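Student: quick one: sequence and predicted model below, then my questions.
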Amino acid sequence: MADTYIFDFDSTMVSIETLDAIVKDNADAQTDAKVDDITRRCMNGEIDFHESITTRLKIARVHSDDFTAMAERILDYITEGIDRAIRDLLARGDQVLIISGGFVPIVLPIARALGIPEENCFANTCVTDNDGFVTGVDNTNPLAYEGGKNKLVQQLRKDGRLPGKVTMIGDGMSDCKVYLDGLADDFIGCGFWAVRPAVRDKSPLFVTDADGLYEAVFKP
């Protein structure tokens, strides 16, 4: 029977926090430190996700063109070796999803490159003003809020879209919490690009590179 693997995106499938990178491209060095601190606290579960994402968007004036530019170069940031794991999971007949607090236009180029169906990709969308400047996120999307991944996974389970054993894979507490709250059967914590102590300490398995992830998902 096919199993389901749900991947986080930022700092898991790719080496960067994509919103942070976009904001930093439009800010100064002093602001960069503020962005890093907000993200760190959010990933460790110290502050609310919706507050985190809206605060980062307020720090610098970001245009929709900035998201397009990031989408065009996102393949440069793919985590080395993770493509092998994902392609082999798909070849084995397992289902792979991306559930991210990031943004749809940036997630999709990676998904297409790895053969993950678009309908298996879930992320946020931006709201812009008449001039194309980003003013926020779509507040009707559960992924814009704390606990959004839990809510989405719960709905997907209810809809029968998550066959077999469900494994969450990611670097943040939002990924870990899906497992801790019993909505996923397993969790693999990732410290590829940033080790979150709260995640590491609560993970049944924690890996620090893509080879370790490969061994985890293809263990006998």
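Tutor: Thanks, I have the structure now.

Student: contacting residues around the residue lying closest to V207 once chain neighbours are set aside?
Tutor: The shortest distance from V207 to any non-neighbouring residue, by Cβ to Cβ, 6 or more residues apart in numbering, is to L213 (5.0 Å). No exception for glycine: its C-beta is placed from N, CA and C like everyone else's. The neighbourhood of L213, defined by Cβ atoms under 8 Å, 6 or more residues apart in numbering, consists of 81-82, 85, 169, 188, 190, 207.

Student: which element is L213 on?
Tutor: L213 is part of helix 210-217, with elements assigned from DSSP states H and E.

Student: and that helix, which residues are buried?
Tutor: 210, 212-214, 216-217 (16 or more other Cβ atoms under 10 Å).

Student: return the list of helices and strands in contact with the lengthiest helix in the chain.
Tutor: Longest helix in the chain, counting residues (DSSP state H): helix 29-43. Where contact means 3 or more Cβ pairs under 8 Å, 6 or more residues apart in numbering; DSSP states H and E, helix 29-43 is packed against helix 18-25, helix 49-59.

Student: need those helices in JSON lines (columns: mean neighbour count).
Tutor: Compiled in JSON lines, these are given as follows (neighbours: other Cβ atoms under 10 Å):
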{"stretch": "helix 18-25", "mean neighbour count": "21"}
{"stretch": "helix 49-59", "mean neighbour count": "18"}
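
Student: could I get these in CSV, plus columns for mean pLDDT?
Tutor: CSV is the format used below for the helices and strands packed on helix 29-43 (pLDDT from 0 to 100):
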stretch, mean pLDDT
helix 18-25, 86
helix 49-59, 77
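
Student: can you tell which of those helices is closest to A123?
Tutor: helix 18-25 (9.9 Å; Cβ to Cβ).

Student: now the closest one, how far from the centre of its chain.
Tutor: 15 Å (Cα atoms, centre = their mean, to the nearest Å).

Student: what sits up against it?
Tutor: 9-10, 31-32, 35-36, 39, 53, 56-57, 59-60, 62, 66-67, 70, 74, 102-103, 106.

Student: buried among those? Make that a PyMOL selection.
Tutor: Filtering the contacts of helix 18-25 down to the buried ones (16+ other Cβ under 10 Å) takes a single PyMOL command:
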select buried, resi 9+10+35+39+53+56+57+59+60+62+66+67+70+74+102+103+106
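
Student: do a quick rundown of the strands in the protein.
Tutor: 4-7, 95-103, 121-124, 126-128, 134-137, 166-170, 186-190, 205-207 (DSSP state E).

Student: now the closest residue to F187 other than its chain neighbours: how far from Y145?
Tutor: Once flanking residues are discounted, F187 sits nearest to Y179: 3.5 Å by Cβ to Cβ, 6+ apart. Using Cβ to Cβ, to the nearest Å, Y179 is found at 19 Å from Y145.

Student: any low-confidence regions in the chain?
Tutor: Along the chain, the parts satisfying pLDDT under 70 run over 27-30, 32.
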